[in-house]
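Participant: A structural model of the following input is requested.
(one chain, ligands or ions: 2)
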Amino acid sequence: MKKFIKNLPKAELHLHIEGSFEPELMFEIAKRNNITIPYKSIEEIKKAYNFNYLQDFLDIYYQSAAVLVTAQDFYDLTFSYLKSCAAQNVRHTEIMFDPQTHTERGISFETVISGITKACKDGEKKLAITSLLIMSFLRHLSEKDAFKTLEQSLPFKDKITAVGLDSSELGNPPSKFKNVYEASIKEGYIPVAHAGEEGTATYVWEALDILKIERIDHGNNALQDSNLISEILNRDIALTVCPLSNKALKVVTDLKDHPLKKMLDLGLKVTINSDDPAYFGGNINKNYFEIQAALNLTKHEIYQLAKNSFKYSFINDTLKEQYL
Ligand code: ADE
Ligand code: ZN
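Facilitator: Residues are numbered from 1 along each chain as shown. Ligands and ions are numbered 1, 2, ... in the order given. Coordinates of the predicted model:
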């Protein structure tokens with residue numbers, strides 16, 4: 001089974017580039033930028049990665065991202081992730097990045113996007129991996145702040161495919177971002193959002209009806225509401241599910257209790273993703289391995305999950321046909 005998963009061509013649709021920041025690279029970049037980090041060793045870092053819920057993780061994730069300063073840093077971060085994709089037979093990836101995590105610290109939008117896009121171009125040339133970008137708004141910040149980010153993105157519009165919504169879900173419902181999503185759609189960005197990770201089914205409804213999202217990041221709690229399940233099925237909207245993330249952030253207590261199999265049985269279009277692989281104990285293949293073992297998924301189900309990852313990606317139809 002592991003060999004089957006390894007050899008299967010896959011796409012990754014839910015990946016935060018800042019969450020792919022491996023400790024080794026973090027040390028290297030911190031050193032060259034003369035930034036002190038609160039860890040002395042990789043072991044200390046690994047010990048700190050012990051989370052009880054989403055906010056525990058986010059506090060550490062933002063702190064670590066603060067060592068990224070130059071376009072070269074963003075290039076190295078992204079290219080390192082793309083190399084790991086190549087090693088896992090990930091052929092296409094849709095990378096989320098959080099501009100506000102960096103612009104709030106005085107790093108320009110251009111620095112962030114130029115480093116990331118240069119790595120993506122090299123990834124295509126040298127590693128034969130296609131990629132596109134999802135610019136995510138931080139939901140713990142205001143809608144006004146998100147509007148500022150949208151404005152900053154416009155000179156680079158040709159490099160960005162979609163907008164997303166991430167960070168602290170509870171207390172920051174999708175409806176808070178109604179206007180900026182409306183404006184983003186007008187600019188041609190495809191809307192997606194994290195919903196139903198820690199938030200209730202109501203948050204998923206809002207993301208669908210108010211933000212008009214075309215893909216749901218996580219969506220676990222959509223299963224609380226049978227009308228919502230029917231609606232997601234009717235709209236043929238996919239869920240980007242992240243098993244090891246859910247385990248690490250205690251969204252599920254054990255992978256055996258993970259709703260993924262139930263989702264598949266309901267006919268929902270599910271994909272498997274790593275979310276923040278450097279923090280949650282595993283890359284995309286490890287997510288496939290562990291959820292397969294926990295839920296006893298068949299080869300046919302694994303194949304279907306990988307197929308969904310291409311079918312529900314945002315690549316153009318010609319390329320999609322090549323992958324399918
Ligand atoms: N930012 C990075 N990973 C995230 C997650 N799993 N949920 C919300 N925001 C995030
Ligand atoms: Zn995420």
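
Participant: C-alpha from now on. contacts and neighbour counts both.
Facilitator: Fine.

Participant: Buried residues, whatever helix or strand Thr202 lives in. List them.
Facilitator: Thr202 is part of helix 201-209, with elements assigned from DSSP states H and E. By 16 or more other Cα atoms under 10 Å, the buried positions in helix 201-209 come out as Ala201, Thr202, Tyr203, Val204, Trp205, Glu206, Ala207, Leu208.

Participant: what's around the closest residue to the last one other than its chain neighbours, how many residues?
Facilitator: Once its chain neighbours are removed from consideration, Leu208 has its nearest residue in Glu214; the separation is 7.7 Å (Cα to Cα, 6 or more residues apart in numbering). Glu214 has 20 neighbours, counted by other Cα atoms under 10 Å.

Participant: swap in Gln100?
Facilitator: Gln100: 21 neighbours (other Cα under 10 Å).

Participant: quick one: it from Leu58, how far?
Facilitator: Separation of Gln100 from Leu58 (Cα to Cα, to the nearest Å) stands at 14 Å.

Participant: residues touching Met96, list them.
Facilitator: Contact analysis of Met96 by Cα atoms under 8 Å, 6 or more residues apart in numbering lists His14, Leu15, His16, Ile17, Leu133, Ile134, Met135, Ser136, Gly164.

Participant: That one falls within a strand, correct?
Facilitator: Yes: assessed with DSSP: H, G, I helix; E, B strand; the rest coil, Met96 lies in a strand.

Participant: quick one: it and Asn221, what's the gap?
Facilitator: Taking Cα to Cα as the criterion, Met96 is separated from Asn221 by 22 Å.

Participant: next one: Leu295
Facilitator: 18 Å.

Participant: Those two - which one has more neighbours?
Facilitator: Higher neighbour count among Leu295 and Asn221: Asn221, with 19 against 16, using other Cα under 10 Å.

Participant: got a list of what the more buried one touches?
Facilitator: With Cα under 8 Å, 6+ apart, Asn221 has these contacts: Gly196, Glu197, Glu198, Gly199, Thr200, Ala201, Val204.

Participant: Just want the phi and psi numbers for the residue of the stretch 151-300 of the chain found nearest ligand 1.
Facilitator: Using Cα to the nearest ligand atom, the closest approach of the stretch 151-300 of the chain to ligand 1 is made by Ser167 at 3.4 Å. Ser167 adopts backbone torsions of phi 80, psi -160, taken as degrees, to the nearest 10.

Participant: rewinding a little: what's the closest of the contacts of Met96 to Ile185?
Facilitator: Checking those against Ile185 by Cα to Cα gives Gly164 as the nearest, at 11.4 Å.

Participant: Tell me if I am right that Glu151 is in a strand.
Facilitator: No: counting by three-state DSSP, Glu151 falls outside a strand, being helix.

Participant: if I look at it, how far off is Lys178?
Facilitator: 16 Å.

Participant: Next: Ile35.
Facilitator: Separation of Ile35 from Lys178 (Cα to Cα): 38 Å.

Participant: Pull the residues that contact the lengthiest helix in the chain.
Facilitator: Ranked by number of residues, the top helix in the chain under DSSP state H is helix 109-127. The contact list for helix 109-127 (Cα under 8 Å, 6+ apart) reads 70-76, 78-79, 82-83, 86, 99, 102-103, 129-132, 152-153, 159.

Participant: can we see that at 6 Å?
Facilitator: By Cα atoms under 6 Å, 6 or more residues apart in numbering, the surrounding residues in contact with helix 109-127 are Ala71, Gln72, Phe74, Tyr75, Thr78, Phe79, Ile129, Thr130.

Participant: and the first one, what is it in contact with?
Facilitator: The contact partners of Ala71, by Cα under 6 Å, 6+ apart, come to Thr111, Val112, Gly115.

Participant: Repeat that for the last one.
Facilitator: Contacts for Thr130 were tallied using Cα under 6 Å, 6+ apart; they are His92, Glu124.

Participant: try 10 Å
Facilitator: Counting by Cα atoms under 10 Å, 6 or more residues apart in numbering, Thr130 makes contact with 11, 82, 90-94, 120-124, 315, 319.

Participant: Mind checking which of these are buried?
Facilitator: For the contacts of Thr130, buried by 16+ other Cα under 10 Å: Ala11, Leu82, Val90, Arg91, His92, Thr93, Glu94, Cys120, Lys121, Asp122, Gly123, Ile315.
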